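> build me a structure from this.
(chains A and B)
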Amino acid sequence: VIAGSTPTAAANRKPGPVQAPAAARIAASAVGIAALAIVPLLLPSFTNYLLAEVAMYAVVALGLNILTGCSGQISVGQGALLGIGAYVCMILIVKVGWPYPLAMLAGGLVASAAGLVLGIPAVRLSGPYLAGSTLVLAISLPELLLKFKDLSGGSIGLQMPQPASPIPGLSQNQWYAYLAMAVAVVMFALASAILRGRLGRAWLALRDNEVAAAMMGVNVRLYKVLAFGFSAFYAGIGGGIYAVIVGSVAPGSFGLLVSILLLAMIVIGGLSSIPGSLLGAAFLTFLPLWSQTLAKPLPQAVQLNIPWAIYGALLILTMIFFPSGLAGIYRRIRPV
Amino acid sequence: MDQLGQAIVSGIATGSVYAIVALALVLIYRATKVLNFAQGSMAMLTTYVDWTMIEHGVPFWLAFLATLPAAAVFGLLIERIVIRPVEDKPQLNGLIVTLGLLAIINSAAGIIWGVDFQGFPTPFRGSGLKLAGTTLSRQELGTIGITLGIMLTLYLVFQHTRLGLAMRAAATDPLVSRLLGVRVGGALAMGWVLATVVGAVAGMLVAPIVFLQPNMMDNAFIFGFTGAVLGGMESLAGGVVGGLLVGVIYTLAGTYAGPELQLFTALILIVVVLMVRPEGLFSKAPVRRV
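Residues are numbered from 1 along each chain as shown, chains lettered A, B, ... in the order given. Below is the predicted model:
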């Protein structure tokens, strides 16, 4: 229906976002939100913190998935955009005294502006060349943060006091879980609305066949840069959550490794799948913990290193046996 | 002028290592369209193998030569076991597999050899060479010499052997090559074998400078990748020129923009070059299939 108007596009078409009938979707969302409202009350404290972390990564992964899965462009600078959001949010709270909801939003907007700039090369570059140019941000952000140390706090970074829960009776981590999940629900709803609209169709058309999209009247350059700006907004909002729940930012926290982790999340979760972004984020947040638990009885040299090996092995096995990620498994077993 | 000359000469010397890493990345990308994020880790592992032999009393050059076939087998195994199953899948899947490899290899090295820095011997000792107001150390000269050797070998393999012809054909058009009797799977696997061998050499050249450690190839990988992108992911000559250029640009940025913003300046320059030549310096005119 979207880019299927040319035979090549129809033949090459990859799955778009999963779409269920409206009534079913709304019912499912209502059940989901009700479950999210209860879950933090039942879980131990540390698990609540992890829940907040999953929600944070899910938001950032969703943004990257819109860029890579839906508009077909790669970015290895997403971790740095997350860092920009976190730093802006932190600076506004600590040095300017803004309330944190406003600071988080500002972090998203500044990251979005940075994303638009990062997207300029995308007008001409694609594939590994685009990866190469987005790499610039990933590896030079720490250098820039050290250069402007009055603002960024240099190599130590910045810290802020934990914001108290406005709802009495909630523990700190429960409050974090609610806050992060609330932001994530809003961001997921926004993404699913936008992907069903004009913007989403234009991105899918671009991804499937750039020339055909241009002939259908899609402004290729504009929409490519817009995809970067939009996904960077998600990274920045995620950065805001990071600043609040972690309570500190440092130059080393947003390197290339984070960008790579995010890419792994969307591919493992399922490219261009909205629920896939959440699945990938959850899987890769819990995986290191599981592998650490598994490694407990082993000698120390092995114990410190084995979680990474398990992590790597699972990445490879998932790609070999479930090439379209966790969301693909769901699609395969879902009753038609 | 002396400053500029020195920056360029040292840049070429550092760039030589990037050029070798870039060559390895291009060899793999041409053959299997996989962006190999594990290239640095693979080189690190083979360097540890080399080091273990040296520690057990094997002479430097004998260990060096023995490492190369070991690397070849390593590359072949990787291609056969984990890359082959994802070759017909989207490009990102291959990239994630190499990320998995990176994690496994680094973890294995940490378990077997520990994460402490180890000194690594170099055969290039003694005073350097002074030439027209610039100085080159023995290590730098040796690196440049070995890079030239690798380039020459690859040139001869690709242009003057049946294997090279088959590899070029398989990379250009697998289907037609298969119809003409080329064993495409084998030719593509050879891309991984050659790349692992070439990468192993890069590792053994980097180790004396940055010391042996599981993360020792991180910088060389990032700059090698940038070099490969700059030259054009599909061109071997482009990889070499790109790697050397990255070395020179980086040293020049350090000389003229100061060490604080060295990385940033260098990378921005590279993006500017890419904006002018979107498929790298050595690309053919891009063709879009409608």
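> by average pLDDT, which secondary structure element in chain B comes out worst?
Here the helix or strand of chain B ranked lowest by mean pLDDT, DSSP states H and E is strand B:129-131, holding a mean of 73.
> so what touches it?
Strand B:129-131 has contacts (Cβ atoms under 8 Å, 6 or more residues apart in numbering or on different chains) with B:9, B:135-136, B:138, B:141. Placement of C-beta: from N, CA and C, glycine included.
> swap in stretch B:265-280?
So stretch B:265-280 is contacted by A:121, A:124-126, A:129, A:132-133, A:135-136, A:139-140, B:226, B:229-235, B:238, B:242, B:246, B:249-250, B:252-253, B:257, B:281, B:283, B:286 (Cβ under 8 Å, 6+ apart).
> ok, back up a step: how far out from the middle of the chain is the least confident helix or strand of chain B?
Averaging C-alpha positions (Cα atoms, centre = their mean, to the nearest Å) puts strand B:129-131 27 Å from its chain's average.
> name the strands paired with the helix or strand following that strand and say parallel or antiparallel.
Using DSSP states H and E, the helix or strand that follows strand B:129-131 in sequence is strand B:134-136. The sheet places strand B:134-136 alongside strand B:129-131 (antiparallel), with pairing taken from DSSP bridges.
> buried ones in the partner strand?
By neighbour count on 16 or more other Cβ atoms under 10 Å in any protein chain shown, the buried set for strand B:129-131 is empty.
> can you list the low-confidence ranges for the stretch 151-300 of chain A?
Within the stretch 151-300 of chain A, not a single segment meets pLDDT under 70.
> what residues does it have near chain B?
A:209-212, A:256, A:260, A:263-264, A:267-268, A:271 (Cβ under 8 Å from any Cβ of the partner chain).
> just the buried ones from the residues you listed, in PyMOL syntax?
To isolate the buried members of those in PyMOL, using 16+ other Cβ under 10 Å:
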select buried, chain A and resi 209+210+212+256+260+263+264+267+268+271
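> what sits against the nearest residue to B:Leu230 once chain neighbours are set aside?
If the residues on either side of it in the chain are set aside, B:Leu230 comes closest to B:Gly242, at 3.8 Å by Cβ to Cβ, 6 or more residues apart in numbering or on different chains. If you count contacts by Cβ under 8 Å, 6+ apart, B:Gly242 has them with B:19, B:22, B:226-232, B:280-282.
> next, B:Gly242: phi, psi?
phi -60, psi -50 (degrees, to the nearest 10).
> report pLDDT for it.
Among the per-residue scores, B:Gly242 shows a pLDDT of 92.
> where do the strands sit along chain A?
A:158-159, A:248-249 (DSSP state E).
> sheet partners, orientation included, of the first one?
Partner strands and pairing direction for strand A:158-159 (DSSP bridges) are strand A:248-249 (antiparallel).
> now the partner strand, how far from the centre of its chain.
Centroid separation between strand A:248-249 and its chain, computed with Cα atoms, centre = their mean, is 19 Å.
> list the contacts of stretch B:20-29.
Contacts for stretch B:20-29 (Cβ under 8 Å, 6+ apart): A:128, B:34-36, B:39-40, B:43, B:146-147, B:150-151, B:154, B:191-192, B:194-196, B:198-199, B:201-202, B:205, B:217, B:220-221, B:223-225, B:227-228, B:231, B:233-236, B:238-240, B:242-243.
> select the longest helix from the chain.
Using chain A. Within chain A, and with DSSP state H defining each element, the longest helix by residue count is helix A:220-246.
> my question was about chain B, not that one.
helix B:2-32.
> beyond it, next helix or strand please.
helix B:39-55.
> is that next one up against chain A anywhere?
No - shown here: helix B:39-55 not in contact with chain A (Cβ under 8 Å from any Cβ), separated by at least 9.9 Å.
> now that helix - C-alpha only, PDB.
The C-alpha coordinates for helix B:39-55 follow below in PDB (Å, rounded to 0.1, in the frame of the first residue of the first chain):
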ATOM      1  CA  GLN B  39      38.500  -6.700  12.900                       C
ATOM      2  CA  GLY B  40      40.400  -5.100  15.700                       C
ATOM      3  CA  SER B  41      39.600  -7.900  18.100                       C
ATOM      4  CA  MET B  42      40.700 -10.500  15.600                       C
ATOM      5  CA  ALA B  43      44.000  -8.800  15.100                       C
ATOM      6  CA  MET B  44      44.400  -8.500  18.900                       C
ATOM      7  CA  LEU B  45      43.800 -12.200  19.300                       C
ATOM      8  CA  THR B  46      46.300 -13.200  16.700                       C
ATOM      9  CA  THR B  47      48.800 -10.800  18.300                       C
ATOM     10  CA  TYR B  48      48.400 -12.600  21.600                       C
ATOM     11  CA  VAL B  49      49.100 -15.900  19.800                       C
ATOM     12  CA  ASP B  50      52.300 -14.400  18.400                       C
ATOM     13  CA  TRP B  51      53.300 -13.100  21.800                       C
ATOM     14  CA  THR B  52      52.700 -16.500  23.400                       C
ATOM     15  CA  MET B  53      55.100 -18.100  20.900                       C
ATOM     16  CA  ILE B  54      57.700 -15.300  21.500                       C
ATOM     17  CA  GLU B  55      57.400 -15.800  25.300                       C
END
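> now do the contacts for the closest residue to A:Leu141 other than its chain neighbours.
Nearest residue to A:Leu141, sequence neighbours excluded (Cβ to Cβ, 6+ apart): A:Ala80, at 4.2 Å. Counting by Cβ under 8 Å, 6+ apart, A:Ala80 touches A:137-138, A:141, A:254, A:259.
> same list, the residues you listed, but as a markdown table with neighbour count please.
Compiled in a markdown table, those are given as follows (neighbours: other Cβ atoms under 10 Å in any protein chain shown):
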| residue | neighbour count |
| --- | --- |
| A:Leu137 | 28 |
| A:Ala138 | 26 |
| A:Leu141 | 23 |
| A:Phe254 | 28 |
| A:Ser259 | 28 |
